[in-house]
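*Asks:* The following comprises the amino acid sequence and a computationally predicted model.
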Amino acid sequence: MSSAQDSVSVADSNLVDTTFVMQKSAWGAVLRSAIIPGWGQIYNESYLKVPIVWGLSGWFIYNYLRNDKKYKDYRNLYLITTDPNDSRQRSMYKDNREFYKDQRDLFAMYFVFTYLANLVDAYVDAHLFDFSVTEDFYRQQPMLNIKIRF
């Protein structure tokens, strides 16, 4: 009888409901990335994504500042050009001013999108940190196998 009781206790232990506890906090990763972009990726141990986030962010900030400087230069040139006989040059200054303003605004949007993508990536990566596709997971559950032979 002891072997029957052992088999019952083993079967009962397999039926025990276990709760899954995530190793990484998704909102903790988002908060870290919101404070310092890339910190959430470091927290999630996705180290190769950090130079991508920093590189893109740095590139967009650099281009924003460069285009902002050129925009201000052409804006000032446009404002100080008052000669009515030189409308062609004034028009060129105005066109360049508008071009660099548009470029500056685009790079600001690119930076914002990169920042938001950084937050989303940190959140998703924290959720998928514990995800596993090993075969052991499938062996723990009973499966139905059907073989059809012709």
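*Replies:* Looks like it came in fine. Numbering: from 1, shown residues only.

*Asks:* for the protein, longest helix please?
*Replies:* Taking residue count as the measure and DSSP state H as the definition, the longest helix of the chain comes out as helix 87-127.

*Asks:* which residues does the residue nearest in space to the middle of the chain contact?
*Replies:* Nearest to the mean C-alpha position of the chain, by Cα atoms, centre = their mean, lies residue 118 at 2.7 Å. With Cβ atoms under 8 Å, 6 or more residues apart in numbering as the criterion, the residues that contact residue 118 are 33, 37-38, 40-41, 53, 57. The way it works is simple: take the backbone N, C-alpha and C, and place the C-beta from them, glycine included.

*Asks:* same check, this time on residue 114
*Replies:* Each residue near residue 114 by Cβ under 8 Å, 6+ apart is listed here: 37, 53, 56-57, 60.

*Asks:* returning to what we had before: greatest separation within the contacts of residue 118: which pair is it?
*Replies:* Pairwise distances among the contacts of residue 118 were taken by Cβ to Cβ; the largest, 13.4 Å, belongs to 40 and 57.

*Asks:* out of these two, which sits in the busier spot?
*Replies:* Neighbour tally, residue 40 and residue 57, criterion other Cβ atoms under 10 Å: the higher count belongs to residue 40, 29 against 17.

*Asks:* how about the helices in the chain?
*Replies:* With DSSP H as the criterion, the chain has helices at 2-14, 26-35, 39-43, 49-80, 87-127, 135-139.

*Asks:* Compile the ones you listed into a markdown table and extend it with columns for mean pLDDT and distance to residue 148.
*Replies:* Formatted as a markdown table, the entries for the helices of the chain read as follows, by pLDDT from 0 to 100; distance: least, Cβ to Cβ, whole Å:
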| stretch | mean pLDDT | distance to residue 148 |
| --- | --- | --- |
| helix 2-14 | 51 | 31 |
| helix 26-35 | 92 | 44 |
| helix 39-43 | 93 | 47 |
| helix 49-80 | 95 | 46 |
| helix 87-127 | 94 | 38 |
| helix 135-139 | 57 | 21 |
